[in-house]
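A.B. asks: could you work out the structure for the sequence below:
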Amino acid sequence: MKYFDLDGNSFEIDEIKEREFLWRGKAAVVYKTIFDFKNKLENLALKDYRAYPLWLCPDTKRVFENYKAIKSLWLETWKIFLISEDKNKFLMENWNENGRLVGTFYNDNNWVFTKYFAKEENKIWNIPNFDSFSSKIFNDIKLLSISKIRITEDTYFFSFKENHNWESDLEYIFADFDNVKLNYNWENLFEKNIQSFLNAFREWLLPCLKEDKSDYYISEIEGTVNLLNK
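C.D. replies: The predicted structure follows:
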């Protein structure tokens, strides 16, 4: 299958291993598998829109432009993001590797994540980098808003480390571009983008935390947003 990068370069990429299900979104199914990419075996994620009716799927060329706009701002996003020749699939890094436990706004569709944090002994008690995370995500959202880019709850992927012994730094990436909107001229765009982040963050974080820490971290992120927004 032929794939293209942002610069229009084409690559013949062959699947080497049978696909393994990762999660199901509202318009696509995501698998992990091994690909022969640039004469090297790569563990990549494949986002396939063909499992859904066409009317449910976004314009993938527009999705590719959304990724290009976010990447141009030097924000945390995919280093590899390729579109298939038939415009039905995307290839990207598999962010679930290297001991990451990845969740999204739609955690119910990610059985690996939900199964892991359903166990009380796996829940997080302490997030050492929480202050720097809060400040960085705020600045990223500010830059997106200045650039007239509207992001929604499902744009974010968040992750903790597996085998964390109740303590883990928090990572995030701008990962899903289906509902991103460019040249968005509505008033209060920054407030809308902040609210989408808070909605996504609450939905993702709550299942991961020890019960007595949930309210603490939610109130801390909201307090940081309010403080930095003055």
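
A.B. asks: might one say that Asp176 is in contact with Glu153?
C.D. replies: No. In terms of CB atoms under 8 Å, Asp176 does not count as a neighbour of Glu153; the distance is 9.6 Å. Using the backbone N, CA and C atoms, a C-beta is placed for each residue, glycine as well.

A.B. asks: of those two, who's got more company?
C.D. replies: Asp176 (26 against 20; other CB atoms under 10 Å).

A.B. asks: against Lys213, how distant is the more buried one?
C.D. replies: 27 Å (CB to CB, to the nearest Å).

A.B. asks: show me the domain layout of this protein.
C.D. replies: Taking automatic domain parsing as the domain assignment, the ranges for the chain are 2-93, 100-228.

A.B. asks: how about these in CSV, adding mean pLDDT?
C.D. replies: Putting the domains of the chain into CSV (pLDDT from 0 to 100) gives the following:
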stretch, mean pLDDT
domain 2-93, 85
domain 100-228, 87
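
A.B. asks: elements contacting the strand or helix carrying Phe160?
C.D. replies: Per DSSP states H and E, Phe160 falls inside strand 156-161. Contact analysis of strand 156-161 by 3 or more CB pairs under 8 Å, 6 or more residues apart in numbering; DSSP states H and E lists strand 100-103, strand 171-174, helix 189-205 as its packing neighbours.

A.B. asks: excluding covalently adjacent residues, which one is nearest to the most centrally placed residue in the chain?
C.D. replies: Among the residues of the chain, the one closest to the centroid is Phe157, at 2.7 Å (CA atoms, centre = their mean). Counting by CB to CB, 6 or more residues apart in numbering, Phe157 lies nearest to Ala175, which is 4.1 Å off, once chain neighbours are set aside.

A.B. asks: that neighbour touches Thr77, doesn't it?
C.D. replies: Yes. Contact criterion CB under 8 Å: Ala175 and Thr77 qualify, at 6.9 Å.

A.B. asks: if we can go back for a sec, correct me, but the residue nearest to the centre of the chain touches Leu101?
C.D. replies: No. Phe157 is beyond contact range of Leu101, at 10.9 Å (criterion: CB under 8 Å).

A.B. asks: a markdown table for the helices and strands packed on strand 156-161, including mean neighbour count and distance to Met92?
C.D. replies: Shown next, in a markdown table, are the helices and strands packed on strand 156-161 (neighbours: other CB atoms under 10 Å; distance: least, CB to CB, whole Å):
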| stretch | mean neighbour count | distance to Met92 |
| --- | --- | --- |
| strand 100-103 | 22 | 12 |
| strand 171-174 | 19 | 10 |
| helix 189-205 | 18 | 19 |
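
A.B. asks: nearest to Gly8, out of those?
C.D. replies: strand 171-174 (22.4 Å; CB to CB).

A.B. asks: alpha carbons of the closest one, as CSV, please.
C.D. replies: Only the C-alpha atoms of strand 171-174 are listed here, as CSV (Å, rounded to 0.1, in the frame of the first residue of the first chain):
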residue,chain,number,x,y,z
GLU,A,171,2.1,12.9,29.2
TYR,A,172,-0.1,14.2,26.5
ILE,A,173,-0.2,14.6,22.8
PHE,A,174,-2.5,16.2,20.2
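
A.B. asks: show residues contacting it.
C.D. replies: Outside strand 171-174, the residues within contact range by CB atoms under 8 Å, 6 or more residues apart in numbering are 70, 75-78, 95, 100, 133, 137, 140, 151, 155-160.
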